[in-house]
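Participant: coordinates only, sequence not included:
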């Protein structure tokens, strides 16, 4: 393997390591849920649109039913008027035929609207099922994320406590106490060492001076006085 | 629009997984009384003292109703249909015209209603963006408190009436945004 390809592999592994550090599973799940919610929003809007079209088709269906009924009634009225002699029968039949033609137009619109309503109802049930699945997925992910966040918090806290208790964490309370103990022990050892050195360094003169210091002289004098006092009593 | 706004994604005002009745707007669709309803228009009422309520004109392909939403400590909902003032009794419209006052009680569809409150306010058709219009509303409720009749006065001689009932929030479901 050439030096350059080895260097390239080193660079690649370092880059992967850096990206691994950047990948926060909680943040990535949150982003995933946001993306799913956007998809859900679009699906909801599409479903609303289809439902609105179904409502409009139903409205048109009802309106055209009324129109058809109205034209039929008009045709009947025209024929009744002709029977009563109020208008010419031929004229009444012409107008009634026109009215019935319009009724047929309305009926064909009713049939078309009916077909649309059926078609939209099919689309609605399909979209509705997709929306329900998406909602359930989002709810499941959100619940899992809540658990994941709680577990992460607990594990972080546990890790911190365990680190402190095991003494690995030099900045923790236990670490500080251990450091303090070491320092005190060191100071005590130093004090003892200085004491020993001071004792060893005493010269003969120091010993003499110490023996002849004022207290000792006073004590010797008192001793002599006491001896003299006892001799006189005898 | 600033440069950074170009990159900002437009976020909806509602939570897609939990769209509530208070999020309703024109074009929204929802389920009520075993039927799908489309919001066709949105109105706003100003009752003074910073108290507002909303009303939506809704249609299910067969009929048109009006859904009122009042948000105080809790959400109050009612669904009403426009009716003719004459349906409230022979003398009601005459008395309103002559006395400019509503009756204390009235009978509608064999049910007795009692005058509950008089509320002067301002009305705005949000869909049309019209100016605020002053009016007075008189609410009547039956003994159960569930059924409502409302009479509104818009001009000296112009009166409107509606009849309906209070509903619970859960009765409106599957709210879909535009």
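Facilitator: On my side now, so go ahead. Computed from a predicted model, the values in this text were never measured in an experiment.
Participant: Find the nearest non-adjacent residue to the residue in chain B positioned nearest to chain A, please.
Facilitator: Closest residue of chain B to chain A, C-beta to the nearest C-beta: residue B:61 (3.0 Å). C-beta: built from backbone N, CA, C; applies to glycine. Nearest residue to residue B:61, sequence neighbours excluded (C-beta to C-beta, 6 or more residues apart in numbering or on different chains): residue A:58, at 3.0 Å.
Participant: Pull up the residues of chain A that are close to chain B.
Facilitator: A:37-38, A:40-41, A:44-45, A:47-49, A:51-52, A:54-59, A:61-62, A:135, A:138-139, A:142 (C-beta under 8 Å from any C-beta of the partner chain).
Participant: wait, residue B:161 sits on residue B:149?
Facilitator: Yes - at 6.8 Å, residue B:161 and residue B:149 qualify as touching, with contact defined as C-beta atoms under 8 Å.
Participant: what is in contact with the two at once?
Facilitator: When C-beta atoms under 8 Å, 6 or more residues apart in numbering or on different chains defines a contact, the residues bordering residue B:161 and residue B:149 alike are residue B:88.
Participant: need the next SSE after the one helix or strand residue A:100 maps to, C-terminal direction.
Facilitator: Here residue A:100, judged by DSSP states H and E, is contained in helix A:89-166. Downstream of helix A:89-166, the first helix or strand assigned by DSSP H and E is helix A:173-200.
Participant: what mean pLDDT does the one helix or strand residue A:34 maps to have?
Facilitator: Assessed by DSSP H and E, residue A:34 sits inside helix A:25-83. For helix A:25-83, mean pLDDT is 92.
Participant: Tell me the bridge partners for the residue most central in space within chain B.
Facilitator: Closest residue to the average C-alpha location of chain B: residue B:68 at 3.1 Å, with C-alpha atoms, centre = their mean. In this entry, residue B:68 is beta-bridged to residue B:55, residue B:78, by DSSP bridges.
Participant: so where's the chain uncertain?
Facilitator: Going with chain A. A:1, A:19-23, A:167-172, A:199, A:202, A:211, A:214-216, A:234 (pLDDT under 70).
Participant: looking at chain B here, not the other one
Facilitator: B:1-12.
Participant: Pretty sure residue A:43 sits against residue A:129.
Facilitator: No - in this structure residue A:43 lies outside contact range of residue A:129 using C-beta under 8 Å: 10.6 Å.
Participant: between the two, which one's more packed in?
Facilitator: residue A:43 (19 against 10; other C-beta atoms under 10 Å in any protein chain shown).
Participant: Find the nearest non-adjacent residue to that one, please.
Facilitator: In space, residue A:43 is closest to residue A:131, 5.0 Å off (C-beta to C-beta, 6+ apart).
Participant: doesn't residue A:47 make contact with the one you found?
Facilitator: Yes - if you go by C-beta under 8 Å, residue A:131 and residue A:47 touch, sitting 5.8 Å apart.
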